[in-house]
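Trainee: Curious how this folds, go ahead:
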Amino acid sequence: MSKNLLIVESPAKAKTIEKILGEEFEVRSCYGHIRDLEKVDMGIDLKNKFAPRYTVPSEKEKVVKELKSMSKKAKEVWLASDEDREGESISWHLAEVLGLDPKKTKRIVFHEITAPAIKKAVANPRFINMDLVDAQQARRILDRIVGFELSPVLWRKIGMQRSLSAGRVQSVAVRLIAEREREINQFLPESVFKISALFTAPDINKKKVKFKAEGPQKLSTAGAAEKFLNESKGAKYTVKDIAVKDGKRTPSAPFTTSTLQQEASRKLGYSVSKTMLLAQKLYESGKITYMRTDSISLSETAVDAIKAEINSSFGEKYYQPRKFKNKNENAQEAHEAIRPSYMNESKVDDADLNRLYELIWKRTIASQMSDAQFEKTTAKIEVSTNKETLTASGEVMKFDGFLKVYLESNDEEEEDNNEEGESLLPPLAKGQVLDFLEMTGLERFSRPSSRYTEASLVKKLEELGIGRPSTYAPTISTIMKRNYVEKREKEGVKRIFQILTLDNKDVIKQETASEITGAEKNKLSPTDLGLVVTDFLKLHFEKVMDFNFTAKIEGEFDEIAAGKLKWSDMLASFYEPFHVTIEHTLETAERAKGERELGFDAVTGKKVIARMGKYGPMVQIGHQDEEEKPRFAKLKASQSIETISFDEAMELFKLPRTLGQFEEEDVSVNIGRFGPYAAHAKKFYSLNKEMDPYTITLEELTPMIAEKRKAKDERTIKVFEKEKIQLLRGPYGPYIKQGLRNFKLSKEQQEKVETLTIEEVNATIAELKANPPRKMARKKKAS
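Mentor: This next block holds a predicted model:
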């Protein structure tokens, strides 16, 4: 007897759902998208209202064939791809390819893979929503147009061997990172002096405890701070006023995609892509609700389950029902926030998945818990000699509420970890004279905005209305893969600051101390290539790079999804002016080099510039038009065209360096296309990661040459010098190496590798070139 065929996107999801539905259904996976736009002519008929031309990629042909066969035998075909626009689009593509009627084929959606949710979805099927499909189709076509038309402009005007690309969201994301970098580079820190005083007073046990009070304002100079301290000599410090106020802290809403990505980055150190990978696994195994959502609402069933869990684990006084309102009016990617499917399960078995799951569980539980209650005490202390007022404050938690489970992190915690939080104050009374210990004037410095982390970049994109839950992770992956942005670890620099201290004997002491400032880890920085591309696009494609315009496009996608706007009309209004700008830029724009003049070489008198070259950022002495060829030097990984100084640039021309002789042959070091290397006896050896070509000595380098030569000798079986072919040992057995290409030997050849002749080797190479292995053939076809 034939069964119903239910098609989902992933095999893990298929297994979970098949267990729930039982024998009536056969559940199969389509492994994500089964069709995409053709590569030829963008796959879009621009003259026919942007009609798309879709094709099934070769790697999906087998899946499509199997699904077609199964759909013919099935009692009925049901489509159950994810509930967002991308999922709706996948269902439509399946219907088109399998020959199903989109108006009659049953489509089910659910935001959690639990038995009640799946059975409810099957009992209430709908049909494919073409408005959602059109919205996703418009996004795909628009992004294809921008990529296909804009990227060739970058190849022509910047170069870099066709490796450049531009995208509607990715280019704006790089712009944000680039502008933040320049803001930091141009920032000049200003120093101020913070006045604070240290006192003692008896606590409830009559034991003297120390507490701090802050001065009335920050002072701009050391002289002003010293004047304040001088005026305070011999002063009495009297409590002038005490104010006690109740305060509270409220829990955050349950997770959306972006807030989960942000919090997982801050608390767990996860990249955005890792967070989404783990969340996908949790969803597909039925542990959490759908992970691509910008909704913060919870279903009534979920709220009831949360209430039961709070009352059971913490007591009724910890429960406080809440309904959160989403600030984003277009929040419709899914119907509910990210939450556990079963609130009584606080852990999952897999250790890696459990860290993210616990974060989701705690945030969800905390969202329905009571406020944390505090009592804040503020004491005003008068300085008798200058009548200035110092302020001491302290905070006492009266009821922990949701903080018993969860405290949200923020991006400023790293920066503020040097600042002292509010502490407890001893009991103080109005008119009480305090015991004075010391007063300090501490020099502090203003700070620029921090570089973006993945989390703070997602937050900024969401604030600007750029992108949607499904686009944040791929956007960040793309800009890093394209070498526009990289994660850098920046070492801090030593900074001297001043401290002025007035002790309780009225003696003022001045001293200096040092601190390490500016250290950063895993922050996003633009590469020189990213800066050059951003400047070019801002100059010639102002509209595409405008934050408001990009957000407006997202709003138009929302209107298409709501059935208020026709997708082809939206594309037409974008494409016509965009294409005119493309044509104009190709004709009139100068080639972008990202040049920066640094000065003149003292020896030759020639100009020294930093610029983008064919293989990346470099420094150049002289010009191509001059009789003598210019000299070039590659920038170090830590250097940038925008910030390198003249002296730093001239240091780079110390390469190549000849270090001396080893085995009666010269040893030199240099930097090539693939990084730093050593040359010896017409052989080249990549330097180890920790070796600096500018400072390494012959004594440090020769052991590495000997070690690498020995390793190469051990790998080498036979060398045919004339043909420049080698037979080498590899981790999977002997193989042939010709230039940069490797060729696999058969098992029979591997066994007699030492006796192979050049004729046999050449025959093997010719055979493999004519009939490449299947994986290589696919790779060639794709390229």
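Trainee: what residues are up against V667?
Mentor: For V667, the contact set (Cβ atoms under 8 Å, 6 or more residues apart in numbering) comprises T658, L659, G660, Q661, A678, A679, H680, L698, L701, T702, I705. C-betas here are computed from N, CA, C, even on glycine.
Trainee: Quick one: the residues you listed as JSON lines, columns for secondary structure and distance to E648 too.
Mentor: Below are the contacts of V667 laid out as JSON lines (DSSP: H, G, I helix; E, B strand; the rest coil; distance: Cβ to Cβ, whole Å):
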{"residue": "T658", "secondary structure": "strand", "distance to E648": "22"}
{"residue": "L659", "secondary structure": "strand", "distance to E648": "22"}
{"residue": "G660", "secondary structure": "strand", "distance to E648": "26"}
{"residue": "Q661", "secondary structure": "strand", "distance to E648": "30"}
{"residue": "A678", "secondary structure": "strand", "distance to E648": "23"}
{"residue": "A679", "secondary structure": "strand", "distance to E648": "25"}
{"residue": "H680", "secondary structure": "strand", "distance to E648": "28"}
{"residue": "L698", "secondary structure": "helix", "distance to E648": "25"}
{"residue": "L701", "secondary structure": "helix", "distance to E648": "24"}
{"residue": "T702", "secondary structure": "helix", "distance to E648": "29"}
{"residue": "I705", "secondary structure": "helix", "distance to E648": "29"}
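Trainee: now these in CSV, with distance to D82 and pLDDT?
Mentor: Below are those laid out as CSV (distance: Cβ to Cβ, whole Å; pLDDT from 0 to 100):
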residue, distance to D82, pLDDT
T658, 62, 93
L659, 60, 94
G660, 64, 93
Q661, 66, 93
A678, 53, 93
A679, 55, 93
H680, 58, 93
L698, 61, 94
L701, 56, 93
T702, 59, 92
I705, 55, 91
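Trainee: Selecting buried members of those in PyMOL, what would you type?
Mentor: Entered in PyMOL, the line below selects the buried ones among these, by 16 or more other Cβ atoms under 10 Å:
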select buried, resi 659+678+679+680+701+702+705
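Trainee: would you turn the contacts of V667 into JSON lines with distance to G605?
Mentor: Putting the contacts of V667 into JSON lines (distance: Cβ to Cβ, whole Å) gives the following:
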{"residue": "T658", "distance to G605": "26"}
{"residue": "L659", "distance to G605": "30"}
{"residue": "G660", "distance to G605": "32"}
{"residue": "Q661", "distance to G605": "35"}
{"residue": "A678", "distance to G605": "33"}
{"residue": "A679", "distance to G605": "31"}
{"residue": "H680", "distance to G605": "35"}
{"residue": "L698", "distance to G605": "34"}
{"residue": "L701", "distance to G605": "35"}
{"residue": "T702", "distance to G605": "39"}
{"residue": "I705", "distance to G605": "39"}
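Trainee: so, if you compare the contacts of V667, which one comes nearest to A455?
Mentor: The shortest approach to A455 among the contacts of V667 belongs to A678, at 41.1 Å (Cβ to Cβ).
Trainee: From what I see, that closest one and G672 are in contact.
Mentor: No - if you go by Cβ atoms under 8 Å, A678 and G672 don't touch, sitting 10.8 Å apart.
Trainee: measure the spatially closest residue to P251 that is not a sequence neighbour to A302 for me?
Mentor: In space, and not counting its chain neighbours, P251 is closest to F402: 4.1 Å by Cβ to Cβ, 6 or more residues apart in numbering. Distance, F402 to A302, using Cβ to Cβ, to the nearest Å: 17 Å.
Trainee: Assign the residue nearest to P251 to helix, strand or coil.
Mentor: Of the three states, F402 takes helix according to DSSP: H, G, I helix; E, B strand; the rest coil.
Trainee: So F402 and A302 - more neighbours on which side?
Mentor: Neighbours of F402 and A302, each counted by other Cβ atoms under 10 Å, are more numerous for F402; the result is 26 against 22.
Trainee: Pull the contacting residues for the more buried one.
Mentor: Shown in contact with F402 (Cβ under 8 Å, 6+ apart): R249, T250, P251, Y318, A366, S367, M369, S370, D371, A372.
Trainee: Just the buried subset of those, written out for PyMOL, thanks.
Mentor: Buried subset of these, written as a PyMOL selection, criterion 16+ other Cβ under 10 Å:
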select buried, resi 251+318+366+367+369+370+371+372
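Trainee: Which single one of the contacts of F402 is nearest to G605?
Mentor: R249 (66.4 Å).
Trainee: secondary structure element for the residue lying farthest from the centre of the chain?
Mentor: Farthest-out residue of the chain from its mean C-alpha position, per Cα atoms, centre = their mean: G234, at 55.9 Å. For G234, there is no enclosing helix or strand under DSSP states H and E.
Trainee: Now the most centrally placed residue in the chain: closest residue in space that isn't a chain neighbour?
Mentor: What sits nearest the mean C-alpha location of the chain, by Cα atoms, centre = their mean, is E454, with 3.1 Å. Residue nearest to E454 in three dimensions, not counting chain neighbours: V272, with 4.7 Å by Cβ to Cβ, 6+ apart.
Trainee: Also L260?
Mentor: Using Cβ to Cβ, 6+ apart, the nearest residue to L260 is I338, at 5.6 Å.
Trainee: Look up phi and psi at the one you found.
Mentor: Phi and psi for I338, reported as degrees, to the nearest 10, are phi -80, psi 120.
Trainee: So what sits opposite it in the bridge?
Mentor: Beta-bridge pairing of I338 under DSSP bridges involves F255.
Trainee: ok, longest helix in this protein?
Mentor: In the chain, taking DSSP state H as the definition, the longest helix is helix 130-157.
Trainee: right, and the helix or strand after that helix?
Mentor: Remark: after helix 130-157, the chain's next helix or strand is helix 168-186, criterion DSSP H and E.
Trainee: That following helix - contacts with which helices or strands?
Mentor: Counting contacts by 3 or more Cβ pairs under 8 Å, 6 or more residues apart in numbering; DSSP states H and E, helix 168-186 packs against helix 130-157, helix 454-463, helix 472-481, strand 485-490, strand 520-526, helix 528-540, helix 547-561.
Trainee: how does it look with 7 Å?
Mentor: Contact here means 3 or more Cβ pairs under 7 Å, 6 or more residues apart in numbering; DSSP states H and E; on that basis helix 168-186 packs against helix 130-157, helix 454-463, helix 472-481, strand 520-526, helix 528-540, helix 547-561.
Trainee: So for the first one, what gets flagged as buried?
Mentor: Judged by neighbour count (16+ other Cβ under 10 Å), helix 130-157 contains these buried residues: 131-154, 157.
Trainee: Could you do the fifth one as well?
Mentor: Of the residues in helix 528-540, D528, L529, G530, L531, V532, V533, T534, F536, L537, K538, H540 count as buried by neighbour count, 16+ other Cβ under 10 Å.
Trainee: R322 is in contact with K307, correct?
Mentor: No - here K307 does not reach R322: they are 11.2 Å apart, not a contact under Cβ atoms under 7 Å.
Trainee: anything in contact with each of the two?
Mentor: Q368 (Cβ atoms under 7 Å, 6 or more residues apart in numbering).
Trainee: any idea which element L198 lies in?
Mentor: Going by DSSP H and E, L198 is part of strand 191-202.
Trainee: Pull out the buried residues from that strand.
Mentor: Neighbour-count burial for strand 191-202 flags V192, F193, I195, S196, A197, L198, F199, A201 (criterion: 16+ other Cβ under 10 Å).
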